[in-house]
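K.L.:
coords below, sequence missing:
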């Protein structure tokens, strides 16, 4: 889900940047063409067409990160070329282009791109016989450093927002909002590629007794320990979600073989390591549903829930796989 939020945010910025660039540059295409400066007009028009093509491709392909980098290289190269071709008439485009680079790239990447493009202008252009090289260097550095600080701060704020939207604040597991998005992505992947997926609902056995005997603070700590233990025994690309109360959902991908062994090893590890405050073991029941063709998010969860009910009927501390 985090990646999808980033993609949507980055795509909206790309669309806005493209619209501003087109509206800002197109009048100069007309003016330069009417003034007989065909070279500059062609370069400006190429920049507009390039922006439209790249943004359209990003919109339909969803390869936002790659296309953002390509666009950043494209506009930085373009502004250097147009300054070399048109001199002082185009020099001030350097500033909005350098600022826009921080919209397209990560802060440190944008900083590097600006330094390269800025140094290229110093090395290749003769406009510094007209304007002060010292003023140019100082103003470009001030712009780049200011944009870097703001962009870096914004990135940290965005990551914090993502955590608030997708992470359960008590346990550190993903929350139901993240589960909804990731289930849709998992189903889409399986339907497209036929990849194997497992969905398991985990229920901490007799959790109410822990709360009643030791208090809710101790119960909260048990849930935190459960998440830590579970994360330590699953793969880095398996995902754990808090479903509600003492129920959790585990989404496991790409495991064609040894599914039963993996689940049973996880159940045993939790049983051995998860303890009450007075040192007694805590067990967990599993309801597991493999992905099958035609599965929906609701039917998948329902199958796992029925399997979990059967695990409880069987005496808990076991794993039941749905048919």
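P.N.:
Cool, got the structure. All of these numbers come straight from a predicted model, not from anything done at the bench.
K.L.:
so how far is residue 9 from residue 158?
P.N.:
7 Å (CB to CB, to the nearest Å). To be clear about C-beta, it is placed using only N, CA and C from the backbone, and glycine gets the same treatment.
K.L.:
mean confidence for the strand or helix carrying residue 102?
P.N.:
Using DSSP states H and E, residue 102 sits within helix 94-104. The pLDDT scores in helix 94-104 average 91.
K.L.:
three-state assignment of residue 200?
P.N.:
Secondary structure assignment for residue 200 (DSSP: H, G, I helix; E, B strand; the rest coil): strand.
K.L.:
separation between it and residue 134?
P.N.:
65 Å.
K.L.:
got a list of contacts for the helix holding residue 102?
P.N.:
Contacts with helix 94-104, where a contact means CB atoms under 8 Å, 6 or more residues apart in numbering, come from 13-14, 17, 21, 24, 68-69, 71-72, 75-76, 78-79, 83, 110, 113-114, 117-118, 121, 139-140, 143-144, 147-148, 150-151.
K.L.:
list the buried residues of that helix.
P.N.:
By 16 or more other CB atoms under 10 Å, the buried positions in helix 94-104 come out as 94, 97, 98, 99, 100, 101, 102, 103, 104.
K.L.:
if we can go back for a sec, between residue 200 and residue 134, who's got more neighbours?
P.N.:
residue 200 (27 against 9; other CB atoms under 10 Å).
K.L.:
pretty sure that one is touching residue 260, no?
P.N.:
No. Judged on CB atoms under 8 Å, residue 200 makes no contact with residue 260 at a distance of 11.5 Å.
K.L.:
overlap in contacts, the two.
P.N.:
With CB under 8 Å, 6+ apart as the test, residue 200 and residue 260 both reach residue 319.
K.L.:
can you give me the helices for this protein?
P.N.:
Per DSSP state H, the chain carries helices over the ranges 2-34, 38-61, 64-86, 88-91, 94-104, 107-124, 133-166, 176-193, 207-214, 216-233, 259-273, 297-313.
K.L.:
show me which of the contacts of helix 94-104 are buried.
P.N.:
For these, buried by 16+ other CB under 10 Å: 14, 17, 21, 68, 71-72, 75-76, 78-79, 83, 110, 113-114, 117-118, 121, 140, 143-144, 147-148, 151.
K.L.:
just give me the neighbour total for the nearest residue to residue 11 once chain neighbours are set aside.
P.N.:
In this structure, residue 11 finds its nearest non-sequential neighbour in residue 64, 5.4 Å apart by CB to CB, 6 or more residues apart in numbering. Using other CB under 10 Å, residue 64 is surrounded by 20 other residues.
K.L.:
same check on residue 293?
P.N.:
Neighbours of residue 293 (other CB under 10 Å): 7.
K.L.:
now do the domain split for this structure, please.
P.N.:
Following automatic domain parsing, one gets these domains for the chain: 2-166, 176-321.
K.L.:
show me what counts as buried in stretch 281-301.
P.N.:
By neighbour count with 16+ other CB under 10 Å, stretch 281-301 contains the buried residues 282-291, 295, 300-301.
K.L.:
any idea how far apart the tips of that stretch sit?
P.N.:
By CA to CA, to the nearest Å, the extent of stretch 281-301 from end to end equals 28 Å.
K.L.:
mind checking how far it is from the chain centre?
P.N.:
Remark: stretch 281-301 is offset 26 Å from the chain centroid, using CA atoms, centre = their mean, to the nearest Å.
K.L.:
pLDDT on it, on average?
P.N.:
94.
K.L.:
number the residues from 817 up from this point.
P.N.:
Let's use 817 as the start, then, which means that last one is stretch 1097-1117.
K.L.:
find me the pLDDT at the closest residue in space to residue 936 that isn't next to it in sequence, would you?
P.N.:
Spatial nearest neighbour of residue 936, chain neighbours left out: residue 896 (5.2 Å); criterion: CB to CB, 6+ apart. According to the prediction, residue 896 has pLDDT 93.
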